[in-house]
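1. Sharing a model that was predicted from the sequence below.
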Amino acid sequence: MTPPDGDQPTLLRTIGPFQLTLYGLGSMLGAGIYGLVGKAAGQLGSAIWMAFFVSMVAALLTGLSYASIASRYPKAAGAAYVTQRAYGKPLLSYLVGLAVVCSGLTSIATQSNVVAANVKVLFGWEAVPIELLALGFLLMIAGVLVRGIRESLWFNLVCTGIEAAGLLLVIAVGIDHWGSVSLFEVPPHDSSMALIVMQGAVLTFFSFIGFEDMLNVSEEVKNPRRNMPLALISAMLIATAIYMAVAITAVSVVPWQELAAAAGPLTEVIDRAAPWFPAVGFTIITIFAVANTALINYLMASRMLYGLSYQGLMPKALGKVHARRQTPHVAIAALFVVVAALALVGNIKELASATVLLLLCVFVVVNMALVVLKRRAGEARGAFEVPILVPVCGSLICLALIVVRVSEGNWLAPAIAAGLLALIGALYVVTGAGKGDRLAQFTQAD
């Protein structure tokens, strides 16, 4: 694929199906599952495995849409690309692209502080400011990304292996307890079982967010029209199997009432099922799991900026690729400035919640974009096609999740989300993004 300037180097197409599957798996198996099991147990008791299954089905609808899009248009900033191709509205494409970037930036900033806090405890560096450790971590991640996609994927491979090993350890030490409790026991509720499971599925749905990161490395994947759908679906199914097994193990070892009250639910499971396992072990696993999430989000955001630049929605400089490393070094450096500032702010919990809302909005827009493109005469088909009902249902589920999140009573996150959209819109007007002919030329090309 030709970059913004024809004589410039391009991204390196080096990712195979196995590496891509691990990349997707790593984006889902983050540190969130370690606390999520406890929250889910408070809602569903011993039946939390059902919530993971239902939320996987719900997430898979949008995941299948993304897989189909990847087989049709394997491009960086794919969400923005299909939005522009479907609707022809540069402002909407710009909003989609930067909303995804914002979700990545808040995640990276949050994870950098979590890594810093854990490293400080692990090594006893009480005198070292957390901010300094967080900046050091961000520099390391940025350095890996600039170094090359191969190095980034090796880092991801190691981190994914360690975080998956932590979850597999939980399953291994607790599998003897399977069958000791009823897996249909739920807390006392006036609601039906089906409604309780759906409420739990809303909570666990967010453990599957991460599959969308895979779309943005499409230009670095070998045979993306085949490998993107294969890896995306495989990663989601593997994550589901691990999540359900961990959930069953957790409630089998620790009564769900105690699991819901535990500060570290899976740590409590290990303490009871394998007291010989050193407590520091889970600290190390957490560091690698969180570092992996930060790496993947940083990689995703840099490719999104690169793709937006190529599409004519961001400055050309952000589309520059390093001649030797074949990585978008300018985009990586620009993101470092922003994410470092966010990391220094400290607590950005509400900002992170707001960007999750934006990501759900992106899912709605992208799902419906696929509907438009599937109905358009003459539009090229991909190697992996889904019935039109799939993106329609994916949109409806994401809309329902948005309603649930907004109706929770905390209006700060929705207000911040609206403010971010207004800010992105203002940036679009001020910078004159999408006013040139590069966007039209890009979306007209196959």
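-> Yep, it's here.
2. Find the nearest non-adjacent residue to L358, please.
-> Distance criterion C-beta to C-beta, 6 or more residues apart in numbering; nearest residue to L358, sequence neighbours excluded, is A99 at 4.1 Å. C-beta: built from backbone N, CA, C; applies to glycine.
3. The one you found and C361 touch, don't they?
-> Yes: using C-beta atoms under 8 Å, A99 makes contact with C361 at a distance of 6.8 Å.
4. These two: who's more crowded?
-> Comparing A99 with C361 by other C-beta atoms under 10 Å, the one with more neighbours is A99, at 25 against 18.
5. same for the helix or strand where that one lies, what does it pack against?
-> A99 belongs to helix 90-123 when assigned by DSSP states H and E. Applying 3 or more C-beta pairs under 8 Å, 6 or more residues apart in numbering; DSSP states H and E, one finds that helix 90-123 contacts helix 78-87, helix 130-147, helix 279-310, helix 329-345, helix 349-375, helix 412-431.
6. Mind checking the ones you listed for the one nearest to L95?
-> helix 412-431 (5.5 Å; C-beta to C-beta).
7. What is the neighbour count of the closest residue to I270 other than its chain neighbours?
-> Closest residue in space to I270, ignoring its immediate chain neighbours: F277 at 5.3 Å, by C-beta to C-beta, 6+ apart. By the criterion of other C-beta under 10 Å, F277 has 15 neighbours.
8. low pLDDT regions in this structure?
-> 1-7, 31-32, 190, 346-348, 408-409, 434-446 (pLDDT under 70).
9. Pick out the residue nearest the middle of it.
-> When C-alpha atoms, centre = their mean is applied to the chain, the residue found nearest the centroid is G210 (2.3 Å).
10. Now do that one against G104, distance only.
-> Applying C-beta to C-beta, to the nearest Å, the value for G210 to G104 is 11 Å.
11. got it, and A201?
-> On the measure of C-beta to C-beta, A201 and G104 end up 25 Å apart.
12. one step back: didn't the residue nearest to I270 look like it was pressed against V170?
-> No: judged on C-beta under 8 Å, F277 makes no contact with V170 at a distance of 10.0 Å.
13. so what's in contact with those two at the same time?
-> Each of I270 lies in contact with both F277 and V170 under the rule C-beta atoms under 8 Å, 6 or more residues apart in numbering.
14. if we can go back for a sec, could I get the helices and strands packed on helix 90-123 as JSON lines with distance to I196?
-> Shown next, in JSON lines, are the helices and strands packed on helix 90-123 (distance: least, C-beta to C-beta, whole Å):
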{"stretch": "helix 78-87", "distance to I196": "33"}
{"stretch": "helix 130-147", "distance to I196": "39"}
{"stretch": "helix 279-310", "distance to I196": "29"}
{"stretch": "helix 329-345", "distance to I196": "37"}
{"stretch": "helix 349-375", "distance to I196": "22"}
{"stretch": "helix 412-431", "distance to I196": "24"}
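15. nearest to E185, of those?
-> helix 279-310 (26.9 Å).
16. and that closest one with helix 329-345, angle?
-> 130 degrees (axes from the mean of the first three to the mean of the last three C-alpha atoms, to 10 degrees).
17. just checking, what packs against helix 279-310?
-> Short answer (3+ C-beta pairs under 8 Å, 6+ apart): helix 279-310 packs on helix 17-28, helix 32-44, helix 78-87, helix 90-123, helix 130-147, helix 149-174, helix 265-273, helix 329-345.
18. now with 6 Å?
-> helix 17-28, helix 90-123, helix 130-147, helix 149-174, helix 329-345 (3 or more C-beta pairs under 6 Å, 6 or more residues apart in numbering; DSSP states H and E).
19. between the ones you listed, which one is nearest to V269?
-> helix 149-174 (5.6 Å).
20. How about the closest one, which residues are buried there?
-> For helix 149-174, burial by neighbour count (16 or more other C-beta atoms under 10 Å) applies to 149, 152-153, 155-157, 159-160, 162-164, 166-167, 169-171, 173-174.
21. Show me what that helix is packed against.
-> By 3+ C-beta pairs under 6 Å, 6+ apart, helix 149-174 packs against helix 17-28, helix 130-147, helix 224-253, helix 265-273, helix 279-310.
22. Show me the contact partners of the helix or strand following it.
-> Next along the chain after helix 149-174, taking DSSP H and E as the criterion, comes helix 193-205. By C-beta atoms under 6 Å, 6 or more residues apart in numbering, the residues outside helix 193-205 that reach it are 40, 43-44, 50-52, 54-55, 58-59, 186, 189, 404.
23. Check the residues you listed and tell me the two furthest apart.
-> A59 and H189 (24.4 Å).
24. which one of the two has more residues nearby?
-> A59 (28 against 13).
25. which ones are touching that one?
-> Contacts of A59 by C-beta under 6 Å, 6+ apart are 205, 208.
26. one more time with 8 Å, if that's ok
-> 205, 208-209, 211, 236.
27. likewise P255?
-> V181.
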